[in-house]
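Trainee: Quick one, structure for this:
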Amino acid sequence: MLASDEDGGPLEALEFSLASDIVELLVLTTDAIFLQTLRDAVGGARRLWHVLSADKVSDLLVAGEVGIVVLDAQALQEPASVFVAQIKRQFPDLVVVAAGHREDETSLAGLISAGLVYRFIHKPMSSARAKLFAEAAIKKYEDQRRRAAQAPKLRRTSPSGRMWLTGGAMGVLALAAAVAWMVHQSGGEDLTPPPAAEPAKPIAAEVSEMARAAAALAANRLTAPPGDNALELYLGLLARDPADSSARAGLSEVHERLLARAENALLEERLDEAAAAIETARKSGVEGGRIVFLTAQLAKAREQIKAALAQVQQQARARSAPRAEEDRAAPLLNLATQRIAGGSLLEPDRDSARFYVQEALRADPQNAAVLEARRVLASRLLEEVRSAIDRREFAHAAALIDGANGIAVPANIESVQGLLAAARKQADVDAWGQLLKSANERLLQDRLIEPANDNAKYFYLTLKQLDPGNAALSSVLQDLGTRLASKARRALILGQTDAAKSWLDEAGAIGFTSAEVSSAQHDLDAALAKQNFMTNLVPANQLTLLKSVQPAYPAKAQDKKLEGWVDVEFTVSEAGKVQDIAVRAASIPGVFEDAAVKAVSQWRYRPILREARPVPVRTQIRIRFTLS
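Mentor: Numbering: from 1, shown residues only. As a prediction, the model looks like this:
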């Protein structure tokens, strides 16, 4: 039965039938084509009501037992997110399906992730896709009713009581929405939040394994990569302890997400991906009606594609039979059909489905069979694009989109181009987040500049180059720069001027400045100047000695008739005094050194002038001890 609030009398005349029968679908749209597509998809076995304004939606919901509402965002006078939030507050069990364009989906992203919007339909859509969406929504509604019937009966509330949720329910809904949003941000799938984990087990290894499993689930790594995905980790935990309730709950959530992934892939006509998800779920222990239903839907979708290809072949044969010598399109169609079935959509260049479809279009552009082959090829190409995007094979997806130009409808090309752009942007965000995480991890590990390409400095500079406006950059720069300055200060304390200079150079390379860096640089400059002063010796013959004292000959050396020499190095101060005497060598160690130092310390020199100002200089001299 099909009905509309414009086809009959006033709304009051409908209240009796609405109150006594279940209204399957209520559609708010001003798009006649969209409405007709939904009507064709639902068929006569389901009741569908059509309204043109948002206020009529509320009236019908209050009057009857509506289970499913399809909202066309273009028909709303207010933001779709506001309207959906309002009706879900009043009718929390309602299954809401939204429709519109890419920007409408973006505005509803939070509600979709939280499960308040069950599905989003991209306009325009085919009858086949509309049928899949409608069947999924009806299945969702029937599942809710079945669960409600199996649950303990609760005290019924008055009609007015249905219009508001209690504060506690709102809190639970908000928590579920927050968790689902985080899952959506990490994995991009419309999934329910994972169940709460039980207290950690006492064994450290099991705690670590449970933490890895939970992290994999939170990151939506359901079945890949091998050895670090939620399914393998939870199955491993249950193999060790079949009674582990936390592992069972985690595995149940993995199963739920696999089934949701299969359902989404079916709705998007990504049949290979749907088959893989269903098979993985079945092998991991999923049983029951839902997987049977999904398997049947997959088989039905495959049969539809097979039937479409068969129809193309049949039409090609029908056209070629009466005039085989004239119909140039028929053999091209046969080849195109074979290539589509074999998966050779774009390659080889002159032996692909695309090549033969284009040649057939040139030969007979109005041929119905040729146009149908073009539609089937476009559907397969767009399906491959979505699968490549999901695998983050962006270059392959872009090549497929280029190949779909001239085959697929421009609006559909634009839609998948938007999906690719959004996926690339999300991949960039994920990559930047990983760079930031790696930089902070290396800081904690004190791996500031080594090893190459795996240190805090490398990850910081890479992130700065890719995302210069990232708000976390300043925090990483401050932490890294402070640590580099501290390394430089420690090297100075140990007298390692080369190391100190290297650490300060690293701080400068990342653009870090601070009072500590300035102080360390000042001390390094002073240490280098002193080092330079101590190593650049002025020859003693260039100094004018004003006063000298002969060293006293050591008695022991005189008694033993020993002779020798001592090399001493010292500073001549601005006043000409001898300072900082150091013995650099001696012919007989331990014999003449003290006498030499005592004598030289009493010497006086004429100060050295540079630019008319006295300056200290460093020199070296050999003191000889000989017996007369």
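Trainee: Could you list the low-confidence segments of this structure?
Mentor: Residue ranges of the chain with pLDDT under 70: 1-23, 44-45, 63-65, 113, 150-207, 268, 312, 315-327.
Trainee: Where is the longest helix in it?
Mentor: With secondary structure taken from DSSP state H, the chain has its longest helix at helix 410-444.
Trainee: Give me the buried positions along that one.
Mentor: Neighbour-count burial for helix 410-444, counted by 16 or more other Cβ atoms under 10 Å, picks out 412-413, 415-420, 423, 432, 435-436, 438-440, 442-443. The C-beta positions use only the backbone N, C-alpha and C, and glycine is treated the same way.
Trainee: likewise stretch 504-514?
Mentor: Neighbour-count burial for stretch 504-514 [16+ other Cβ under 10 Å]: 504, 506-507, 510, 512.
Trainee: So what touches stretch 387-400?
Mentor: 270, 272-273, 345-346, 381, 384-385, 416, 419-420, 423-424, 427 (Cβ atoms under 8 Å, 6 or more residues apart in numbering).
Trainee: nope, stretch 608-616 is what I was after
Mentor: 533, 538, 543, 571-575, 607, 617.
Trainee: chain center to it: distance?
Mentor: How far stretch 608-616 lies from its chain's middle: 66 Å, per Cα atoms, centre = their mean, to the nearest Å.
Trainee: for stretch 387-401, same thing?
Mentor: Counting by Cα atoms, centre = their mean, stretch 387-401 comes out at 17 Å from the chain centroid.
Trainee: So for it, first residue to last residue, what's the gap.
Mentor: 12 Å (Cα to Cα, to the nearest Å).
Trainee: re earlier: helices - which of the buried residues of stretch 504-514 land there?
Mentor: Going by DSSP H, the helices hold 504, 506-507 from the buried residues of stretch 504-514.
Trainee: now the helices: where do they sit in the stretch 451-600 of the chain?
Mentor: 456-466, 473-493, 497-509, 515-535, 555-559, 593-600 (DSSP state H, counting those that start in this stretch).
Trainee: Tabulate these in TSV, adding columns for distance to residue 88.
Mentor: Output for those, formatted as TSV (distance: least, Cβ to Cβ, whole Å):
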stretch	distance to residue 88
helix 456-466	39
helix 473-493	38
helix 497-509	54
helix 515-535	55
helix 555-559	105
helix 593-600	94
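Trainee: So which of the ones you listed is nearest residue 308?
Mentor: Proximity to residue 308, assessed across the helices of the stretch 451-600 of the chain by Cβ to Cβ, is greatest for helix 456-466 (44.3 Å).
Trainee: Quick one: list the elements packing against the closest one.
Mentor: Helix 456-466 sits against helix 410-444, helix 473-493, with contacts defined as 3 or more Cβ pairs under 8 Å, 6 or more residues apart in numbering; DSSP states H and E.
Trainee: Could you check the angle the longest helix of the chain makes with helix 473-493?
Mentor: Angular relation of helix 410-444 and helix 473-493 on a 0 to 180 degree scale: 30 degrees, by axes from the mean of the first three to the mean of the last three Cα atoms, to 10 degrees.
Trainee: Can you get me the centre-to-centre distance for helix 410-444 and its chain?
Mentor: Centroid separation between helix 410-444 and its chain, computed with Cα atoms, centre = their mean, is 6 Å.
Trainee: ditto for stretch 247-264
Mentor: On Cα atoms, centre = their mean, the centre of stretch 247-264 falls 21 Å from the chain's centre.
Trainee: Could you do stretch 379-391 as well?
Mentor: With Cα atoms, centre = their mean, you get 20 Å for stretch 379-391.
Trainee: now swap in stretch 85-105 and tell me
Mentor: That offset, for stretch 85-105, works out to 27 Å (Cα atoms, centre = their mean).
Trainee: mind checking the end-to-end distance for that stretch?
Mentor: Stretch 85-105: ends 15 Å apart by Cα to Cα.
Trainee: Give me the buried stretch members for that stretch, please.
Mentor: In stretch 85-105, counting by 16+ other Cβ under 10 Å, buried: 87-88, 91, 94-101, 104-105.
Trainee: Stretch 107-123 now?
Mentor: Neighbour-count burial for stretch 107-123 [16+ other Cβ under 10 Å]: 108, 110-123.
Trainee: Helices - which of the residues you listed land there?
Mentor: Reading helices off the buried residues of stretch 107-123 with DSSP H, I get 110-114.
Trainee: what's the residue closest to the geometric middle of this structure?
Mentor: Using Cα atoms, centre = their mean, the residue of the chain that lies closest to the mean C-alpha position is residue 430, 2.3 Å off.
Trainee: who are the neighbours in contact with it?
Mentor: With Cβ under 8 Å, 6+ apart, residue 430 has no contacts at all.
Trainee: Distance check, it against residue 469.
Mentor: From residue 430 across to residue 469, the span is 17 Å (Cβ to Cβ, to the nearest Å).
Trainee: Kindly report the same for residue 126.
Mentor: Counting by Cβ to Cβ, the gap from residue 126 to residue 469 is 41 Å.
Trainee: just to revisit the earlier point, out of the buried residues of stretch 85-105, what pair is the most spread apart?
Mentor: Those two in these that are separated most widely, counting by Cβ to Cβ, are 91 and 101, at 25.8 Å.
Trainee: mind putting the helices and strands packed on helix 456-466 in TSV, distance to residue 222 included?
Mentor: Listed next are the helices and strands packed on helix 456-466 as TSV, based on distance: least, Cβ to Cβ, whole Å:
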stretch	distance to residue 222
helix 410-444	17
helix 473-493	32
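Trainee: In the stretch 251-400 of the chain, mark out all the helices, start to finish.
Mentor: Using DSSP H, counting those that start in this stretch, helices in the stretch 251-400 of the chain cover 271-283, 289-320, 329-342, 353-363, 368-390, 394-404.
Trainee: quick one, the fifth one and helix 410-444 angle?
Mentor: Per the same axes, to 10 degrees, the angle that helix 368-390 makes with helix 410-444 is 10 degrees.
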